[in-house]
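>>> sequence-free structure coming up:
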């Protein structure tokens, strides 16, 4: 069973999410929280697999709650930010805080179910459109010289080489990850099994020093690998 913690300051919305998710035989809602502080405490007590996290809440927002939960070594939950606001600042802050997914509240019930299953399986949950926005932001940051570099009249230093380079197959998998492909889609595209894809993804994360697939794509883009 996929254990889910629902975090939102609107009880009716949490009830709706619970109804949608518990209609599935492989998903169980193990708890709810209405504030960021409650979310941090519930994550530590319940140890869910997936957390759906609102942004604007009393006493502590969802970004800070995500940051604190991710920093707790006892909690291994994947966090999906679920918000009404399609704002790039929320998206970027959420990813920087350690969220593995970003979903709008106007998404359909199937999107919520798909997101929970994807995060439980270790997949990031960003639509291709959102992924392109993330990459565009980091691409601009990587291509522009820093203020100090401009003052010195030289470009910012390029990232150091990887301690262990990616294999040819890992590089192919990484390019498909950057295109927001799921493990199943990558397996189909490369004519390999999903278990093999999972192995490659694990190796890619290790070599890039990334905590999840979304961060791996950002790091790869910074390094010009995808």
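Sure, I can see it. All figures in this text were calculated on a predicted structure; none of them were measured in a lab.

>>> Now do the same for residue 111: helix, strand or coil?
Per DSSP: H, G, I helix; E, B strand; the rest coil, the local secondary structure of residue 111 is helix.

>>> Identify the residue spatially nearest to it, adjacent ones excluded.
Using CB to CB, 6 or more residues apart in numbering and skipping residues adjacent in sequence, the residue nearest residue 111 is residue 103, 6.6 Å away. The C-beta positions use only the backbone N, C-alpha and C, and glycine is treated the same way.

>>> could you pull out the strands for this structure?
Under the criterion DSSP state E, the chain contains strands at 2-7, 27-33, 50-53, 78-83, 101-104.

>>> Mean pLDDT for those - can I get that in TSV?
Formatted as TSV, these follow (pLDDT from 0 to 100):
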stretch	mean pLDDT
strand 2-7	98
strand 27-33	98
strand 50-53	97
strand 78-83	90
strand 101-104	83
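
>>> what's the most buried one of the ones you listed?
Of those, the one with the most neighbours on average (mean count of other CB atoms under 10 Å) is strand 50-53, at a mean of 29.

>>> in its sheet, what does it sit against?
Its sheet considered, strand 50-53 pairs with strand 2-7 (parallel), strand 78-83 (parallel) by DSSP bridges.

>>> Tell me which of the ones you listed approaches residue 122 most closely.
strand 78-83 (7.5 Å; CB to CB).

>>> Any chance you could list what contacts the closest one?
The contact list for strand 78-83, computed with CB atoms under 8 Å, 6 or more residues apart in numbering, reads 8, 49-56, 62-63, 66, 69-70, 90-91, 94, 98-105, 112, 115-116, 119-120, 122, 125, 212.

>>> Verify the stated contact: the residue nearest to residue 111 with residue 119.
No - with contact defined as CB atoms under 8 Å, residue 103 does not reach residue 119; the gap is 9.9 Å.

>>> got the domain boundaries for this protein?
As given by automatic domain parsing, the domain ranges for the chain are 2-127, 151-223.
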